[in-house]
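> Got a sequence here, can you build the structure:
(one chain, ligands or ions: 1)
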Amino acid sequence: MSRVLTPLVRLPWRSIPLRPFLARRSYSTPSTEQAQEPKTAYPALNGVISKHSYTDYAQEYLGKPAPEGVRLVKARLSVMVDGEIRGFRYMLLRDACKCNLCVDEHSKQRKFRTTDIPPLIVPRDVKWDGKELQIKWSSDIEGWGPDHVSKYNATMLKDQRANPPRSDTGKMRRRLFWDKKTMQEVQHWVSYEDYMNDEKAFIRSMRHLALMGIIFVKDIPDSREMVEKIATRMGPLRNTFYGPTWDVRSVPQAKNVAYTNVSLGFHMDLMYMNEPPGFQLLHCLENSCDGGESLFVDSFRAADLLRWRSPEAFKDLSKLHLSYEYNHKEHVYNNSWPVLEMEDGDLTKQIVHVNYSPPFQAPIISDDHIHKHWSEYRRALAMFASEIERGYNVFQLKLNPGECVIFENRRVLHARNKFNTEQGKRWLAGAYVDEDAVLSTFRTSRNAHAQLWHETRVQRPRNAPKAAAGKQATAKNNETE
Ligand SMILES: [Zn+2]
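Have a look, this model is predicted:
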């Protein structure tokens with residue numbers, strides 16, 4: 001609700017010169033500077049709000065003026081949180097109470113229904129110290145006695161959702177777009193031992209995964225069980241008709257056949273499902289064939305480049321819905337997605353999803369809209385396809401036995417070079433973990449070590465020196481094609 005109401009009350013504040021003072025007073029540590037400042041009486045502060053707001057109901061509801069930084073109007077209150085005015089309807093504030101009377105201590109489930117709250121509920125007492133808002137209610141929910149106090153801290157008033165999409169652990173978190181050069185220099189490797197047993201190393205890895213959408217685990221014991229262990233460190237396995245884990249395996253074939261295994265172009269997995277898996281793991285157990293390198297591209301970067309180079313094509317791809325299918329005797333799946341999805345469908349906003357998986361595309365001949373606009377759509381799709389495959393975007397490496405890549409399936413496109421099965425073997429074990437589960441792990445990681453989480457940054461390379469010595473295991477493979 002705050003998001004809806006905020007603009008109504010925030011706008012007048014933009015022009016108020018008190019703002020720097022207000023912002024400063026929200027800090028709790030008293031500085032000498034603050035101590036010397038004359039204390040502004042709340043009627044003056046609230047008077048500023050009054051000029052731009054409606055009738056003050058504090059006297060009516062509380063029998064006295066509202067505390068400093070709070071203003072009560074008929075159906076909602078405004079409160080100054082860290083220098084910003086936020087507005088909340090009383091009913092929704094009451095609804096947000098998480099005290100032990102309202103929310104079960106153990107299960108954390110609510111003990112009332114939103115519809116149990118009397119529509120005319122108003123406060124009878126309000127306290128605000130810049131950090132915590134306390135409210136006692138007139139005409140509370142039936143059964144809630146006079147002792148009931150609702151408490152809201154500043155964080156909750158700013159955004160009380162468990163994992164807000166824009167936070168650095170959310171769906172629309174800030175990501176660091178990368179190209180081949182960036183990935184060659186800042187790829188994140190962690191040993192299996194550290195990933196599994198060193199909490200801080202694991203948290204750093206999760207932060208890199210959140211930012212870059214791809215990390216690598218090395219020194220993994222030689223066992224088919226390992227991919228499940230690595231995956232479940234992040235969250236439960238996502239089961240599909242391929243099984244909870246699966247194999248990409250190739251054994252030597254007829255000796256006169258070289259490179260029978262064709263390359264597999266850039267794609268995302270399981271786009272024919274309603275909820276394609278958020279994250280994918282590929283653990284290399286054997287890779288002694290010639291070829292078979294793995295290729296990765298940051299589709300968000302490719303889409304963003306297209307946005308600047310050809311806004312028309314970018315727009316067309318937000319309208320072009322492609323279909324994907326898995327159509328076999330035992331399983332039949334299909335789904336369609338716009339190639340590019342932006343926040344609120346707004347072309348100037350963040351990219352939320354790229355949906356691109358040519359090997360799994362289904363016919364679209366029955367779509368009249370696509371027929372009608374095909375020439376624009378074809379041009380836009382071709383521009384995007386060629387952007388993805390440009391050399392400067394493609395990061396390539398050959399996974400060695402004992403190495404595992406973890407990547408964001410709905411952001412990082414993956415592909416495989418053809419390989420020679422005449423000699424050698426190739427065996428990767430794969431698994432998926434849903435986005436929800438990994439976002440939860442991002443959040444718990446951040447909660448456990450907030451400072452470490454925030455300090456872990458990815459430095460963009462400057463003037464591109466050669467890859468650091470510690471990354472030689474992959475760097476030597478980067479230039480094979
Ligand atoms: Zn409560």
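> check contacts around residue 191.
By CB atoms under 8 Å, 6 or more residues apart in numbering, the contact list for residue 191 reads 201, 217-219. All C-beta atoms are positioned from the backbone trio N, CA, C, and that covers glycine.
> Now the residue in the stretch 351-481 of the chain that the ion sits nearest to. Its backbone dihedrals?
Among residues of the stretch 351-481 of the chain, the one nearest the ion by CB to the ion turns out to be residue 447. It sits 23.1 Å away. Torsion angles at residue 447 (phi, psi; degrees, to the nearest 10) stand at phi -70, psi -30.
> I'd say residue 271 and residue 337 touch.
Yes - under the criterion of CB atoms under 8 Å, residue 271 lies in contact with residue 337, with a separation of 6.5 Å.
> Tell me the residues that contact both of these two, please.
324, 355.
> Give me the pLDDT for residue 250.
We note a pLDDT of 77 for residue 250 in this prediction.
> Neighbours of residue 324, how many?
One way to gauge burial is a neighbour count; for residue 324, by other CB atoms under 10 Å, it gives 24.
> CA atoms of stretch 56-65 as CSV?
Presented in CSV, the C-alpha positions along stretch 56-65 are these (Å, rounded to 0.1, in the frame of the first residue of the first chain):
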residue,chain,number,x,y,z
ASP,A,56,-5.4,16.9,11.1
TYR,A,57,-7.2,14.2,13.0
ALA,A,58,-4.6,13.7,15.8
GLN,A,59,-6.7,15.6,18.3
GLU,A,60,-9.8,13.6,17.5
TYR,A,61,-8.1,10.2,17.6
LEU,A,62,-5.4,10.7,20.2
GLY,A,63,-6.7,13.6,22.2
LYS,A,64,-3.4,15.4,21.6
PRO,A,65,-1.1,16.4,18.7
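> And residue 271 and residue 337? Which one has more around it.
A side-by-side neighbour count of residue 271 and residue 337, using other CB under 10 Å, places residue 271 first with 25 against 21.
> roughly how far is stretch 276-288 from the heart of the chain?
The chain centroid and the centroid of stretch 276-288 are separated by 21 Å under CA atoms, centre = their mean, to the nearest Å.
> Please point out which parts of that stretch sit buried.
Judged by neighbour count using 16 or more other CB atoms under 10 Å, the buried positions of stretch 276-288 are 276-287.
> so can I have CSV of the residues you listed showing distance to the ion?
Conversion of the buried residues of stretch 276-288 to CSV gives the following (distance: CB to the ion, whole Å):
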residue, distance to the ion
276, 40
277, 38
278, 35
279, 37
280, 42
281, 43
282, 48
283, 48
284, 53
285, 54
286, 59
287, 58
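> Can you flag which of these belong to strands?
279-287 (DSSP state E).
> Closest to residue 443 out of those?
Checking those against residue 443 by CB to CB gives residue 279 as the nearest, at 14.9 Å.
> Measure how buried the residue of the stretch 351-481 of the chain closest to the ion is and give me the count.
Residues lying near residue 447 (other CB under 10 Å) number 10.
> what do you get for residue 336?
As a burial measure, the neighbour count of residue 336 was computed by other CB under 10 Å and equals 16.
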